[in-house]
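[1] here are the coordinates; sequence isn't available:
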């Protein structure tokens, strides 16, 4: 199993178009600091087939950047695109509209995410005039998994947080999930959790048994959103466990045997500056910060 970190930024990317904070200004001055919306490509079946996890607004550029995701030699079009969704947020689903040229879209999602996209956003109505759309259930971990590109995929429920456009929808524990990826050929497992509101017992168990964990690194500390004036809520209040401080994820992740990397970085997070001292703190704990375009082989 091969993982390609297509993008590693939270909503808006880095830089964010309407922001001049140090992180955004630094990325404009130093293009190497730019980060696109978080997304992951997973290659299985001997690297001959692949699927995506989340489809943000940068998805077409992501696919063009990596030769593995382009149409094969002798093929004019990519025949099918498979996408696994960890939630129904716009930052993770807007790219589905950019994939309308695909001959066939297969989407793996939990029931509340599927309902939100079909009933609230009218995704079927918009896309079916352009492409064939097939929905697949994303089963909970511990149940019979779905299979994409030879990889067994399932969901680890994380939170009941709903996107704003579905704020009045029925609560469900799988509105936000981590993707559990298991390669039966190698026996390796990866966990992808770009949004982590709480360390549930099930998520803690799955992470402890994984070979690689990519986890929410939206904010460095809990007060970051309020301190910088981007929200009246804390990081935890916005549905993202902070990296550092009481209740942060760094100390816990450092104890795991897995390779652990942070993704989904907000533009306000000091980690978007490669010279920030926070990188040294994480390195001392054996933790990494994912970068756009990283290749992780398991």
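    Received it, and whenever you're ready, just let me know what you need. Quantities reported herein were computed from a predicted structural model and do not represent experimental measurements. Numbers count the residues shown, from 1 in each chain.

[2] quick one: what helix or strand has the residue nearest to residue 141 when sequence neighbours are not counted in it?
    The shortest distance from residue 141 to any non-neighbouring residue, by CB to CB, 6 or more residues apart in numbering, is to residue 154 (4.4 Å). Yep, even glycine has a C-beta here, placed from its N, CA and C like the rest. Using DSSP states H and E, residue 154 sits in strand 151-159.

[3] circling back to that earlier point, count of neighbours near the residue nearest to residue 141?
    Per other CB atoms under 10 Å, the neighbour tally for residue 154 reads 22.

[4] so what's it bridging to?
    With DSSP bridges as the criterion, residue 154 is bridged to residue 180.

[5] how near is it to residue 42?
    Distance from residue 154 to residue 42, counting by CB to CB, to the nearest Å: 13 Å.

[6] do residue 270 as well
    Using CB to CB, residue 270 is found at 29 Å from residue 42.

[7] for residue 10, same thing?
    21 Å.

[8] likewise residue 237?
    Note on residue 237: its distance to residue 42, by CB to CB, is 32 Å.

[9] Those two: which is more packed in?
    Neighbour tally, residue 237 and residue 42, criterion other CB under 10 Å: the higher count belongs to residue 42, 26 against 13.

[10] Assign that one to helix, strand or coil.
    With DSSP: H, G, I helix; E, B strand; the rest coil as the basis, the three-state label of residue 42 is strand.

[11] tell me which element residue 204 falls in.
    helix 201-208.

[12] Identify each buried residue in that helix, please.
    Buried residues in helix 201-208, counting neighbours by 16 or more other CB atoms under 10 Å, are found at 202, 203, 206, 207.

[13] How about the last one, nearest residue that isn't a chain neighbour?
    Read it as residue 207. residue 213 (5.1 Å).

[14] relative orientation of the strand or helix carrying the one you found and strand 151-159 in degrees?
    Per DSSP H and E: residue 213 is located in strand 212-216. Using axes from the mean of the first three to the mean of the last three CA atoms, to 10 degrees, the direction of strand 212-216 lies 30 degrees away from that of strand 151-159.

[15] Past strand 212-216, which element shows up next along the chain?
    helix 224-227.

[16] pLDDT weak spots in the stretch 101-250 of the chain?
    Along the stretch 101-250 of the chain, the model assigns pLDDT under 70 to no residue.

[17] For it, just list every one of the helices.
    Assigned by DSSP state H, counting those that start in this stretch, the stretch 101-250 of the chain shows helices spanning 111-115, 123-127, 201-208, 224-227, 250-253.

[18] I'd like the ones you listed as JSON lines, with distance to residue 64 appended.
    As requested, the helices of the stretch 101-250 of the chain are exported to JSON lines (distance: least, CB to CB, whole Å):
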{"stretch": "helix 111-115", "distance to residue 64": "26"}
{"stretch": "helix 123-127", "distance to residue 64": "20"}
{"stretch": "helix 201-208", "distance to residue 64": "32"}
{"stretch": "helix 224-227", "distance to residue 64": "33"}
{"stretch": "helix 250-253", "distance to residue 64": "32"}
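
[19] Of these, which is nearest residue 21?
    Closest to residue 21 of the helices of the stretch 101-250 of the chain is helix 224-227 (CB to CB; 11.1 Å).

[20] How far off centre is the closest one?
    A distance of 23 Å separates the C-alpha centroid of helix 224-227 from that of its chain, computed with CA atoms, centre = their mean, to the nearest Å.

[21] Could you do stretch 27-38 as well?
    With CA atoms, centre = their mean, you get 17 Å for stretch 27-38.

[22] Which residues outside it are in contact with it?
    The contact list for stretch 27-38, computed with CB atoms under 8 Å, 6 or more residues apart in numbering, reads 6-11, 13-15, 26, 54, 56-58, 61-62, 91-92, 95, 194, 263-265, 267, 272-274, 291-292.
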